[in-house]
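Colleague: the following block contains a protein sequence and its predicted model.
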There are 2 protein chains.
Amino acid sequence: MTSSRTTPALTPDTPPTGLDASRLHPSVCDPVMDSMRLLSETAFRHPEAISFASGRPYEEFFDFADLHRYLDRFVAELRARGVPDQRIKRAVFQYGPTAGVIRDDVARVLATDESIHVDPDAVLITHGCQEAILVALRGLFTSPDDVLLTVSPCYVGITGAAKVLDIPVEPVQEREHGLDPDDVAVAARRVRAAGKRPVACYVTPDFANPSGHSLPPAARRRLLRVAETEDLLILEDNPYGLFGREGATFPTLKALDRSRSVIHLGSFAKTAFPGARVGYLVADQPVVTADGTTRPFAEELAKVKSMVTVNTAGVSQAMIGGLLAETGYSMRAATRGLADLYVGHLELTLECLAEHFPPAAHADHGVRWNVPTGGFFLLLEVPFEADLAALERSARDHGVAWAPMSMFYVGDGGTRVIRLGYSSLTREEIREGITRLAHFIRASTPPRPSASAGAGEAA
Amino acid sequence: MTSSRTTPALTPDTPPTGLDASRLHPSVCDPVMDSMRLLSETAFRHPEAISFASGRPYEEFFDFADLHRYLDRFVAELRARGVPDQRIKRAVFQYGPTAGVIRDDVARVLATDESIHVDPDAVLITHGCQEAILVALRGLFTSPDDVLLTVSPCYVGITGAAKVLDIPVEPVQEREHGLDPDDVAVAARRVRAAGKRPVACYVTPDFANPSGHSLPPAARRRLLRVAETEDLLILEDNPYGLFGREGATFPTLKALDRSRSVIHLGSFAKTAFPGARVGYLVADQPVVTADGTTRPFAEELAKVKSMVTVNTAGVSQAMIGGLLAETGYSMRAATRGLADLYVGHLELTLECLAEHFPPAAHADHGVRWNVPTGGFFLLLEVPFEADLAALERSARDHGVAWAPMSMFYVGDGGTRVIRLGYSSLTREEIREGITRLAHFIRASTPPRPSASAGAGEAA
């Protein structure tokens, strides 16, 4: 028997016993989690740095008065529907139904904004999209041989949730312009060939975090065919879908889904505000239960959610419910101005980059970037290691922060790539920030080989 | 390869494919979860029944105006501390620190109310206490041989969270008057003898759900010694601790803990309101990490929480933060009136029971109950199976609902016991409810053996 507790070196401040990190769950000591912590700590150490590191929404519009109004509007809306005050109070103050009190509202918004037509009982309201991810994974994965495919690079929340649940992950590497659905089929077969079961594949088809890539409509249809052929569910994460140019966004996978292959994961963190922590999942797959009845998968997943957080906060749901009522149940219409602002931010970031790193001189500065059509992020390739040490230099010496892309890879990759998130900055900060970034990049770029060496290379 | 999806009988409404329940995680199809669902459905089918089934707080005091005031107070409080408005807005609207924005406030309340003195960085704010339970379990349990001890009967949230994480559970049966700490030592040794590792033991020392039992001070000290001797952590769940008679509550295990053996789990669901979903854990155990630094376990658990829900809703924390400021950072003082109300409810329930089932006649009616000194629950032994079918009869034919105790046992037990929760009812409802319950019990009690048979038995 090894003791789970060790005695650290004794000093007057040292407590009698400690926990041995090696006996704790790997999710506690996970290096990706530690990277995230170090990223935050860098921001904390250098608060004056202009930060392209985050995926936070723009915050200049936040107003305390809105919260009061949303709450009042929710109450007014339910009163108008004839709900007695005692029941409204219960919805806001008490323990509530695990599946949520604004399922109908969310189903209505999904129909209007996304042409996703599902019964409210196929919707589960969650404490942010992260809980939706965790709950969906928990329901679907049961054996150590059940494997999650995920596009790589990807949002750390999917690999983190898999880590929490000890779910093995098989990456599907994005190509230069994004995911190739055939690569999903190849990965699924690779998993099967190893005697394991590929259960689901995680993708963010619209303006992905971190790459900014979007899946063209034809590739969406091909991905759905792959899901059917390979007997895979698709976990479609859609936090940024509304943030493209007007009229230039694509239908979600769930809207195209004819075989109930897609579990759709959504969030009001970017369209409303993150502080409500209201997300949802759509899971209309029928589950035939032991007693012979059939219920949508979302209702079965509610049991898992009840053991994770009981139910989503009534006050949060009330605020989002009130906000949805204010928008006439269309976030697409309500966030059009916000989407234009983000597209403007993207365009400005691209312009500033082109100014500092003129395309004609590409061969000289070794800096390249992709050109997303919306969302919160773009990628910048630099001619040096873009690791946490480089970030520290960038923030400390040049007053600009960003996220190392290597953090988002399943396995190795992205060591010389930076993720630039422009969503939370002002236009002035973007201009100044890219100027600082250009200085940092030039200061970090190793000397070019001499002309003769260059000639030798070309030979 | 077995397909993960099956095709249910085809009707025009039947979707093309379904999910095979047997391939989903056991937490989806768990019988306890199903019991909870059936319990809710009974309540839903019989809304006119007076319900002793829930552990909801009293709701007559809930007032929408309070929410606005809490929010304003939180903002005013931070302004008074010199925090600029932009940072206050971030705390409420944006993604926030995973560990929470009201850690200092909660640490202050714990010091005042519970004599628990910890640094704020040993506190983790969670989306209700359920998330605290899940996150603590996840951090502590890593191998299939790591076993959770739990008092039985117990709150379904602990066994449910263990189920979600595939953690094996070893019950420690409560005796007639509650937990005997020596039984914890015996269970730990039994687990070790089976070649496994007992990691932690879950207990609710004050007015436990479901039994209402409290652990006397001497037993608390003995339990802490058992924890040290058996190298166990204690997971102390404390939702009801303030709801005893004035001056008649005991110190928490964490307040008595000199060896950092206790992780304390708390909630504002009962002292404030459940709709905020704000809970917390206190974990001051030092963890020596790979890089040689020492951090409190709560900070390491924050990494797990970040992958479960990212962070607790800013709006919820703001409301609880504002409420705490209003109370002068003592929930004990602020909830004294509420505690008296609950104690009054308990006394009234006991009086009504004694009226309908006079003690002198115990031998005749076969009905017995325990006498907790506070909290939300008491137990009632009846001379018939108190299962979901009995509950349905009780609600339908007699207009009174309750919870079958068998739901709270790890393994078998409690088949003829009812849990009575009186917290959410009015005094009138308690009086009428116990009258109805007495009718139901008499109607369900099998005929007594004849006098001669009785004499034969006594012989």
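Modeller: Arrived safely.

Colleague: so, low pLDDT: which residues of the stretch 151-300 of chain A?
Modeller: The stretch 151-300 of chain A contains no residues with pLDDT under 70.

Colleague: tell me the residues of it that contact chain B?
Modeller: Applying CB under 8 Å from any CB of the partner chain, we find that the stretch 151-300 of chain A lies next to chain B at A:157, A:160-161, A:163-166, A:192, A:197, A:199, A:231, A:233, A:258-261, A:269, A:273-277, A:284-290, A:294, A:297, A:300. For glycine as for every other residue, the C-beta is placed from the backbone atoms N, C-alpha and C.

Colleague: list only those of those residues flagged as buried.
Modeller: A:157, A:160-161, A:163-166, A:197, A:199, A:231, A:233, A:260-261, A:269, A:273-277, A:284-289, A:297, A:300 (16 or more other CB atoms under 10 Å in any protein chain shown).

Colleague: re the thing from before, in strands, which of the residues of the stretch 151-300 of chain A next to chain B appear?
Modeller: Per DSSP state E, strands hold the following members of these: A:197, A:199, A:233, A:286, A:287, A:288, A:294.

Colleague: can I get those residues in CSV with distance to residue A:253?
Modeller: Below are those laid out as CSV (distance: CB to CB, whole Å):
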residue, distance to residue A:253
A:197, 21
A:199, 17
A:233, 11
A:286, 19
A:287, 20
A:288, 24
A:294, 23
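
Colleague: what is the nearest of these to chain B?
Modeller: When these are compared for distance to chain B (CB to the nearest CB), residue A:286 wins out at 4.0 Å.

Colleague: so that closest one touches residue A:297, yeah?
Modeller: Yes - counting by CB atoms under 8 Å, residue A:286 touches residue A:297, with 7.5 Å between them.

Colleague: need the overlap of contacts for these two.
Modeller: Contact criterion CB atoms under 8 Å, 6 or more residues apart in numbering or on different chains; residues shared by residue A:286 and residue A:297: residue B:19.

Colleague: okay, now residue A:114: neighbour count?
Modeller: 21 (other CB atoms under 10 Å in any protein chain shown).

Colleague: may I ask you to confirm that it is in contact with residue A:249?
Modeller: No - Residue A:114 lies out of contact with residue A:249 (CB under 8 Å); the separation is 9.8 Å.

Colleague: so what sits against both of these two?
Modeller: Residues touching both residue A:114 and residue A:249 (CB under 8 Å, 6+ apart) are residue A:241.

Colleague: sorry, back to before: now, which of the residues of the stretch 151-300 of chain A next to chain B lie within helices?
Modeller: Residues of those located in helices (DSSP state H): A:157, A:160, A:161, A:163, A:164, A:192, A:297, A:300.

Colleague: for residue B:202, see how far away the fourth one is.
Modeller: Shown here: residue A:163 relative to residue B:202, a distance of 24 Å by CB to CB, to the nearest Å.

Colleague: do the same with the second one
Modeller: Remark: distance between residue A:160 and residue B:202 (CB to CB) = 25 Å.

Colleague: hmm, residue A:383 is touching residue A:445, no?
Modeller: Yes - in this structure residue A:383 lies within contact range of residue A:445 using CB under 8 Å: 5.1 Å.

Colleague: can you show me the helices along the stretch 1-150 of chain A?
Modeller: Secondary structure of the stretch 1-150 of chain A (DSSP state H, counting those that start in this stretch): helices at A:31-45, A:64-80, A:85-93, A:103-114, A:128-140.

Colleague: which of these sits most buried?
Modeller: Comparing the helices of the stretch 1-150 of chain A by mean neighbour count (mean count of other CB atoms under 10 Å in any protein chain shown), helix A:128-140 ranks first with a mean of 27.

Colleague: quick one: that one near chain B?
Modeller: Yes - residues of helix A:128-140 are located near chain B by CB under 8 Å from any CB, namely A:128, A:130, A:131, A:134, A:138, A:139, A:140.

Colleague: name the nearest residue to residue A:109, ignoring sequence neighbours.
Modeller: Counting by CB to CB, 6 or more residues apart in numbering or on different chains, residue A:329 is the residue found nearest to residue A:109 once chain neighbours are left out, at 5.2 Å.

Colleague: report the residue ranges of every domain in chain A.
Modeller: The record's domain parsing of chain A by automatic domain parsing lists A:23-52+A:336-445, A:64-330.

Colleague: the shortest one: end-to-end distance?
Modeller: Across its full length, domain A:23-52+A:336-445 reaches 42 Å between end residues, using CA to CA, to the nearest Å.

Colleague: distance between it and the chain's centre?
Modeller: Relative to its chain's centre, domain A:23-52+A:336-445 lies at 16 Å (CA atoms, centre = their mean, to the nearest Å).

Colleague: that domain and chain B in contact?
Modeller: Yes - judged by CB under 8 Å from any CB, domain A:23-52+A:336-445 comes into contact with chain B at A:23-30, A:33-34, A:36-37, A:40.

Colleague: give the buried residues for the helix or strand hosting residue A:441.
Modeller: Using DSSP states H and E, residue A:441 sits within helix A:427-444. Using 16+ other CB under 10 Å as the test for burial, helix A:427-444 gives A:429-441, A:444.

Colleague: what's the spacing between residue A:343 and chain B?
Modeller: 21 Å (CB to the nearest CB, to the nearest Å).

Colleague: now residue A:212
Modeller: Distance, residue A:212 to chain B, by CB to the nearest CB: 20 Å.

Colleague: nearest residue to the residue of the stretch 351-459 of chain A found nearest chain B in space, please, no chain neighbours.
Modeller: The stretch 351-459 of chain A approaches chain B most closely through residue A:424 (8.4 Å), counting by CB to the nearest CB. Using CB to CB, 6+ apart and skipping residues adjacent in sequence, the residue nearest residue A:424 is residue A:56, 4.1 Å away.

Colleague: near the one you found, how many other residues are there?
Modeller: 19.

Colleague: give me every residue that touches it.
Modeller: By CB under 8 Å, 6+ apart, the contact set of residue A:56 is A:274, A:421, A:423, A:424, B:94, B:95.

Colleague: correct me, but the first one touches residue B:95?
Modeller: Yes - the pair formed by residue A:274 and residue B:95 meets the contact definition of CB under 8 Å, at 4.5 Å.

Colleague: quick revisit: torsion angles phi and psi at the residue nearest to residue A:424?
Modeller: Backbone torsions for residue A:56, taken as degrees, to the nearest 10, come to phi -80, psi 150.

Colleague: please apply the same query to residue A:397.
Modeller: According to degrees, to the nearest 10, residue A:397 has phi -90, psi -20.

Colleague: give me the number of residues near it?
Modeller: By the criterion of other CB under 10 Å, residue A:397 has 15 neighbours.

Colleague: and the residue most central in space within chain A, its phi and psi?
Modeller: Centroid-nearest residue in chain A, with CA atoms, centre = their mean: residue A:155, separated by 4.9 Å. Backbone torsions for residue A:155, taken as degrees, to the nearest 10, come to phi -50, psi 130.

Colleague: that one contacts residue A:237, correct?
Modeller: Yes - the pair residue A:155 / residue A:237 is scored as a contact, 6.8 Å apart, by CB under 8 Å.

Colleague: which neighbours do those two share?
Modeller: Residues touching both residue A:155 and residue A:237 (CB under 8 Å, 6+ apart): residue A:204.

Colleague: which one is the residue in the stretch 51-200 of chain A that chain B sits nearest to nearest to, not counting chain neighbours?
Modeller: Residue of the stretch 51-200 of chain A nearest chain B, by CB to the nearest CB: residue A:160 (3.6 Å). Distance criterion CB to CB, 6+ apart; nearest residue to residue A:160, sequence neighbours excluded, is residue B:307 at 3.6 Å.

Colleague: surely that neighbour is in a helix?
Modeller: Yes - counting by DSSP: H, G, I helix; E, B strand; the rest coil, residue B:307 is located in a helix.

Colleague: now do the strands in the stretch 201-350 of chain A.
Modeller: Ranges of strands within the stretch 201-350 of chain A are A:233-237, A:262-267, A:278-282, A:286-288, A:294-296, based on DSSP state E, counting those that start in this stretch.

Colleague: so which of the ones you listed is the most surrounded?
Modeller: strand A:278-282 (a mean of 28).
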